[in-house]
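> next one to model:
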Amino acid sequence: MFSSRLEWNAPANRLTRILRAKRQAGIRILDLTESNPTRAGLVYPAGLLEGLSTPDSLSYEPQAAGLRAAREAVSRYYQAAGRAIDPDHILVTTSTSDSYGYLFKLLCDPGDEILVPRPSYPLFEFLAALECVRVVHYPLIYHGGWGLDLDALRQAVTRRTRAIVLVNPNNPTGSFLKVSEWEALARLALGRGLVVIADEVFADYSHRVDSSRVTSLAGDVRTPGFSLSGLSKVSALPQMKLGWIVANGDESFRRQALESLELIADTYLAAGTPVQHAAAGMLGTRDVLQSQIRQRVAANLAYLTASLGPDSPCRVLDVEGGWYAILEVPRLRSDEALVEELLERHNVLVQPGYFYDFDTDGYLVLSLLTVPDVFQSGLYPVLSAACRDSA
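Next up, the predicted model:
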């Protein structure tokens, strides 16, 4: 009766069943996966919601690309970061997920392919499947720091490939695209007629300055492409449902792409009027929230690193940005068995590496956005369980 895009009746995995049972029983979970900023104990500025109650919000203005005021607010956000982005090169969406949906519709016919990084956030397969698009992974490799496997990426390109997705910085590795990598990718994209989609939702959350990295592709004119972001991470406001697409490349590509995207957007008219009117104010308060998040992430990362000690068999992989840390642990049992034990015996929730398509066991993903006392309380049983058998 239903389409074959997804496994609609796929059973919940055992970890989900354990978590559901514990929560139904009222058991307190030390959740080291928390990535929702609205549940992370942040202090939001007073008056943040005032922009939603303007009289203009009562008028319906169905503009496919988004209200001019919202696009100008996004343009000013980029201007503050030293990037001149014309508001006419911006299209407003409800979220980055919606942005992907629009772009897959724009670029792909059923059965076409999109290249996405591995490890990465476990969402691309679902988004692509709903558009009847096939995901092909290209690997990130770790040698003291994360980098693209450019040879493997080149080999992954086929006649059905339409776009390369970059997550910059990557989620969960926290690694930024490097200038040398981008030069090679740009040549590949131009030579094979590919579009580059840069997901930059975590771009504001760099842990250190590094001149070798690419901080953003927004406004890049060398290759046809798009940059994605939104209020969810920029202003720590996922509930406001406002994202955007910046069209990159030369003028001819931008014009054609935006005209076509507006046709898609006009079909849905999804972005709400109130949040578009409030966008300037919400982007204007981003520094207050971003400062808190950076302090939280830095403190939790420092605590995690200090907790290992020089003789620990575990190690934290290098992370350049974002909200996550990857803890490498001895491969004495499966990640699945380890995380289930932590939840069953210690009421601690962490994510196994295979959730993010790590190729092997031995990786746990921890959210550095977690409230510090929860992070610290939960970390002890994690390290004890992960390192116990190798001590």
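
> could you use CA atoms for every contact and neighbour count after this?
Noted.

> secondary structure element holding Val365?
In the assignment (DSSP states H and E), Val365 maps to strand 363-367.

> next structured bit after that strand?
Moving toward the C-terminus from strand 363-367, the next helix or strand (DSSP H and E) is helix 372-387.

> alpha carbons only: can I get that following helix in CSV?
Taking C-alpha atoms only, helix 372-387 is exported to CSV below (Å, rounded to 0.1, in the frame of the first residue of the first chain):
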residue,chain,number,x,y,z
PRO,A,372,28.2,20.1,32.7
ASP,A,373,27.1,18.3,35.8
VAL,A,374,25.3,15.7,33.7
PHE,A,375,28.3,15.4,31.4
GLN,A,376,30.7,14.9,34.3
SER,A,377,28.4,12.5,36.1
GLY,A,378,27.9,10.4,33.0
LEU,A,379,31.5,10.4,31.8
TYR,A,380,32.8,8.3,34.8
PRO,A,381,30.8,5.2,34.0
VAL,A,382,31.6,5.6,30.3
LEU,A,383,35.3,5.6,30.8
SER,A,384,35.1,2.9,33.4
ALA,A,385,33.1,0.6,31.1
ALA,A,386,35.1,1.4,28.0
CYS,A,387,38.5,1.0,29.6
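
> and Leu15, how far from Ser384?
Distance, Leu15 to Ser384, by C-alpha to C-alpha, to the nearest Å: 20 Å.

> please apply the same query to Gly174.
In this view, Gly174 and Ser384 are 25 Å apart by C-alpha to C-alpha.

> where along the chain do the helices fall?
All helices of the chain, identified by DSSP state H, fall at 14-24, 68-80, 96-107, 124-130, 150-156, 179-192, 231-234, 251-268, 273-284, 286-308, 335-346, 372-387.

> which positions within the longest one qualify as buried?
By 16 or more other C-alpha atoms under 10 Å, the buried positions in helix 286-308 come out as 286, 289-290, 292-294, 296-298, 300-301, 304-305, 308.

> and stretch 312-323, how far apart are its ends?
The straight-line separation of the ends of stretch 312-323 (C-alpha to C-alpha) is 23 Å.

> could you give the mean pLDDT of that stretch?
The pLDDT scores in stretch 312-323 average 96.

> begin at 102, not 1, for the rest of this chat.
Yes, from this point I'll number from 102; that puts the last item at stretch 413-424.

> residues of it that come out buried?
By neighbour count with 16+ other C-alpha under 10 Å, stretch 413-424 contains the buried residues 414-424.

> in TSV, list the residues you listed along with distance to Leu443.
Shown next, in TSV, are those (distance: C-alpha to C-alpha, whole Å):
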residue	distance to Leu443
Pro414	18
Cys415	16
Arg416	18
Val417	19
Leu418	21
Asp419	24
Val420	24
Glu421	27
Gly422	27
Gly423	25
Trp424	22
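
> quick one: which of those is nearest to Tyr455?
Leu418 (16.0 Å; C-alpha to C-alpha).

> so what's the closest residue to the closest one other than its chain neighbours bridging to?
Of all residues not flanking Leu418 in the chain, Ile427 sits nearest, at 5.7 Å (C-alpha to C-alpha, 6 or more residues apart in numbering). Beta-bridge partners for Ile427, by DSSP bridges, are Val466.

> can you pull the contacts of Ile427?
By C-alpha atoms under 8 Å, 6 or more residues apart in numbering, Ile427 lies in contact with 273-274, 417-418, 464-467.

> domain map for the protein?
Domains of the chain are assigned by automatic domain parsing as 115-144+388-491, 151-385.

> looking at the ones you listed, which is nearest to Ser104?
Using C-alpha to C-alpha, the nearest of these to Ser104 is domain 151-385, at 9.7 Å.

> ok, the residue lying closest to Tyr201 once chain neighbours are set aside - how many residues close by?
Using C-alpha to C-alpha, 6+ apart and skipping residues adjacent in sequence, the residue nearest Tyr201 is Leu228, 7.3 Å away. Burial measure for Leu228: 19 neighbouring residues, criterion other C-alpha atoms under 10 Å.

> what about Leu228, distance to Asp460?
21 Å.

> do Ala366 as well
37 Å.

> try Phe354
As judged by C-alpha to C-alpha, Phe354 and Asp460 stand 37 Å apart.

> equivalent analysis for Val398, please.
Using C-alpha to C-alpha, Val398 is found at 26 Å from Asp460.

> same deal with Leu444?
Taken as C-alpha to C-alpha, the span from Leu444 to Asp460 is 23 Å.

> mind checking which of those two has more residues around it?
Leu444 (20 against 12).

> ok, for the more buried one, nearest residue in space, not its chain neighbours?
Leu444 sits nearest to Leu450 (C-alpha to C-alpha, 6+ apart), 5.5 Å away.

> one step back: show me the buried residues of stretch 413-424 that map onto strands.
Counted as lying in strands by DSSP state E, out of these, are 416-417.

> where do the strands sit along the stretch 102-251 of the chain?
131-132, 191-194, 214-219, 235-243, 247-249 (DSSP state E, counting those that start in this stretch).

> now find how far off-centre the first one is within its chain.
When distances are taken as C-alpha atoms, centre = their mean, to the nearest Å, strand 131-132 is centred 21 Å away from the chain's centroid.

> which residues sit against that strand?
Against strand 131-132 from outside (C-alpha under 8 Å, 6+ apart): 448-451, 471, 475-476, 478-479.

> neighbouring strands - and their directions - for that strand?
In the sheet, strand 131-132 lines up with strand 449-450 (parallel) (DSSP bridges).

> same question for the strand it pairs with, mean pLDDT?
98.

> where does this protein dip in pLDDT?
Confidence mapping of the chain against pLDDT under 70 gives the ranges 489-492.

> cutoff 80 now
Applying pLDDT under 80 to the chain picks out residues 488-492.
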